[in-house]
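Peer 1: Pasting a predicted model and its sequence here:
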Amino acid sequence: MKYTLILLTVLLALLGWLKPAPTPLWVTVAAAILLVAGGVIQLSLARTERRSKEASAQTGVLTSQRTLLAPNQAAHPKLEIGDSGAIFVFAGPQGQPLFKFFDDSHLTIELENGQLKVSTLIRDKVGKVVGELSKNEWKVKTTAAYDRNYSKDALEVRDASGDVVIQVRFVGDRVQFQGKFFDKNERCVTIGKVRGADGKMGGAMDFSGQLRVDPIFRYPSERHLGELA
């Protein structure tokens, strides 16, 4: 379509140039309309192409806000279980896991130049790796995962059964996290928010595999890329 408009515009311009008499007004107006229409269509096609690439992306980088510290204040990464208000402050050695559940199943948070970084492996229910988060750089095997959705500061992956297996969102000076950790023997540890007997929201570590994580994004991602639920 855009090439047809360009060709028509060139033909009208040539027609005006070849005529010995002054260019008719209708030629000038038509050329201007075609040029504008062509520009609009090109922008629309470029936007559609960009959205298509984003919708099919299997890699990306999450960004967190830079943590501002008061003078003499120690820098410690913070992790909140979802939006429950239950927050862990990690004061251990930089680069060491905050949680380590199985031989190679871990969750690590650290600060680099004031930026919060998160690392973990993403597995399905039989322990097969379907993705990885390495210092905010993520990679997801879309053929192995049921779906995934993301924005510049959040990532969520659902396994083949539709369950959320990882949910990461940077909010202020902390990362909100929920997820499921599996091993090859199908053992599961879930970190998620729960409502206690007193009605208050809090965080829990579940070993039964029954705790489900509610998605924060809308699905399917092809139609709702980056849209929060």
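Peer 2: Arrived safely, thanks for sending.
Peer 1: Now tell me which helix or strand of this structure has the poorest mean pLDDT.
Peer 2: Lowest by mean pLDDT, DSSP states H and E among the helices and strands of the chain is helix 2-18, with a mean of 55.
Peer 1: How about the contacts made by the residue lying closest to V171 once chain neighbours are set aside?
Peer 2: Distances taken as CB to CB, 6 or more residues apart in numbering place E80 nearest to V171, at 7.4 Å, with adjacent residues excluded. C-betas here are computed from N, CA, C, even on glycine. Taking CB atoms under 8 Å, 6 or more residues apart in numbering, we find E80 in contact with A86, I87, F88, V171, R174, V175, Q176, F177, G203.
Peer 1: let's see it at 10 Å
Peer 2: E80 is in contact with 86-88, 169, 171-172, 174-178, 193, 203, counting by CB atoms under 10 Å, 6 or more residues apart in numbering.
Peer 1: Now which of the residues you listed would you call buried?
Peer 2: Buried members of these, scored by 16 or more other CB atoms under 10 Å, are A86, F88, R169, R174, V175, Q176, F177, Q178, K193, G203.
Peer 1: Isn't the last one up against F99?
Peer 2: No - with contacts defined as CB atoms under 10 Å, G203 does not count as touching F99, sitting 11.9 Å away.
Peer 1: which secondary structure element contains the residue nearest to V171?
Peer 2: Using DSSP states H and E, E80 maps to strand 78-81.
Peer 1: Distance from the chain centre to that strand, please.
Peer 2: The chain centroid and the centroid of strand 78-81 are separated by 18 Å under CA atoms, centre = their mean, to the nearest Å.
Peer 1: Restricting to C-alpha, output that strand in CSV.
Peer 2: C-alpha atoms of strand 78-81 as CSV (Å, rounded to 0.1, in the frame of the first residue of the first chain):
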residue,chain,number,x,y,z
LYS,A,78,15.1,-5.7,49.6
LEU,A,79,12.6,-8.3,48.4
GLU,A,80,8.8,-8.1,49.1
ILE,A,81,6.6,-11.2,48.7
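Peer 1: avg pLDDT for it?
Peer 2: The average pLDDT for strand 78-81 rounds to 96.
Peer 1: Tell me which helix or strand comes right after that strand.
Peer 2: Strand 78-81 is succeeded, C-terminally, by strand 87-89 (DSSP H and E).
Peer 1: tell me, what's touching G203 and F99 both at once?
Peer 2: L79, F88, F177, I191.
Peer 1: Pick out the lowest-pLDDT one from the residues you listed.
Peer 2: Scoring the shared contacts of G203 and F99 by pLDDT puts F88 last, at 93.
Peer 1: that older thread, which members of the contacts of E80 are positioned in strands?
Peer 2: Using DSSP state E, I87, F88, R169, V171, R174, V175, Q176, F177, Q178, K193, G203 are the members of those that sit in strands.
Peer 1: how about the third one, what does it touch?
Peer 2: If a contact means CB under 10 Å, 6+ apart, then R169 has 62, 64, 80, 82-83, 151, 153-156, 175-178, 216-217, 228 as its contacts.
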